[in-house]
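In: sequence plus the predicted model coming up.
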Amino acid sequence: MKYAIIADIHANLEAFQVVLEDIRAQKANHIVCLGDVVGYNANPKECLQIIREMNIPCIKGNHDEYCSSNDHLDGFNPAAADAVHWTRDQLDADEKQWLADLKYTRMADNFTMVHATLDAPQRWQYVFDKLAAAANFPYQTTQLCFFGHTHVPVAFMRDTVVRGGTYSKFKIDPSKKYFINVGAVGQPRDNNPKCGYVIYDMTAGTIELRRLDYDIETAQRKIREAGLPERLAERLAYGR
Ligand code: ZN
């Protein structure tokens, strides 16, 4: 059994389509999504439609929450806030309701899904280092938990201490717990512009990070044509 675990699609249809093709080529028979289907890029309706039509189990990200509500955007950077306002104008009531109804955490098979952290999923805290990951582990009841939100693919592992780092492919040690960031489909931020997601092969007991080229120019053109902030187009080329 092979799972494809995707996160932070952020309305980037070009990246999402390339990821879906690769998932088919990898023969992954299940897909789950760790939230932030919308926000930043120019195709929120199309990406949402694919998730819904394919019945992909999904949890809520902060952009899903803000784009489906009228909450004030305190603490958002101006480009992100502009994108939230733009996305709110695109989505209809049914699409907003679907996003608003998403849960913060969810189990799939033998693993847990969360957008940010398990200790306080609705506070949208960022896990970049071992200290932040250590706060998550006491709340993790499954051996594996996958998360997104930072758009930076790193894996944390706990036995007696917490370790962490970047990865491409590794075998799961049954005596350890893992908290794994699967990278971002729609807006990578690890200085690598390729879109990313994870294949979890349950039979082989392996985690593999996939990175793929996609049509960045088209995604950028759509951002500019939509009147979204130029910075959101530029950052796709640099992966940050
Ligand atoms: Zn995100």
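Out: That came through, no problem. Remember, it's a predicted structure, so these values are computed and weren't measured experimentally.
In: tell me the residue in this protein that is farthest from the middle.
Out: Distance to the chain centre peaks in the chain at residue 160, reaching 28.4 Å (criterion: Cα atoms, centre = their mean).
In: residue 150 falls within a helix, correct?
Out: No. Looking at residue 150 with DSSP: H, G, I helix; E, B strand; the rest coil, it is coil, so not inside a helix.
In: number of residues surrounding the closest residue to residue 199 other than its chain neighbours?
Out: Counting by Cβ to Cβ, 6 or more residues apart in numbering, the nearest residue to residue 199 once its immediate chain neighbours are dropped is residue 208, at 4.6 Å. No exception for glycine: its C-beta is placed from N, CA and C like everyone else's. Using other Cβ atoms under 10 Å, residue 208 has 16 neighbouring residues.
In: which SSE is immediately downstream of whichever helix or strand residue 208 is part of?
Out: Applying DSSP states H and E as the criterion places residue 208 in strand 206-212. Where DSSP H and E defines the elements, the next helix or strand beyond strand 206-212 is helix 216-226.
In: which secondary structure state does the residue farthest from the centre of the chain sit in?
Out: Assignment for residue 160 (three-state DSSP): coil.
In: next: residue 66.
Out: Under three-state DSSP, residue 66 comes out as helix.
In: ok, now which ones touch it?
Out: The neighbourhood of residue 66, defined by Cβ atoms under 8 Å, 6 or more residues apart in numbering, consists of 39, 73, 76, 84.
In: just the buried ones among the residues you listed, please.
Out: The neighbour count (16 or more other Cβ atoms under 10 Å) marks 39, 84 as buried among the contacts of residue 66.
In: got the residues of this structure near the ion?
Out: Neighbours of the ion within the chain, by Cβ under 5 Å from the ion: 8, 36.
In: show me where the chain has helices.
Out: Per DSSP state H, the chain carries helices over the ranges 13-25, 44-53, 62-67, 78-90, 93-100, 130-136, 216-226, 230-238.
In: let's have those helices in CSV, adding distance to residue 121.
Out: Listed next are the helices of the chain as CSV, based on distance: least, Cβ to Cβ, whole Å:
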stretch, distance to residue 121
helix 13-25, 23
helix 44-53, 19
helix 62-67, 10
helix 78-90, 19
helix 93-100, 15
helix 130-136, 10
helix 216-226, 29
helix 230-238, 26
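In: just the ones you listed: most buried one?
Out: Stretch with highest mean neighbour count among these: helix 62-67 (a mean of 24; mean count of other Cβ atoms under 10 Å).
In: how far does that one sit from the chain's center?
Out: Per Cα atoms, centre = their mean, to the nearest Å, the displacement of helix 62-67 from the mean C-alpha position of its chain is 13 Å.
In: before we move on, back to that, and of the contacts of residue 66, the nearest to residue 193?
Out: When those are ranked by distance to residue 193 (Cβ to Cβ), residue 39 comes first, at 18.3 Å.
In: I figured the closest one hits residue 86, correct?
Out: No. Contact criterion Cβ atoms under 8 Å: residue 39 and residue 86 do not qualify, at 9.3 Å.
In: contacting residues around stretch 175-182?
Out: 5-7, 34, 127, 133, 136-137, 140, 143-150, 152-159, 172, 196-198, 207, 209.
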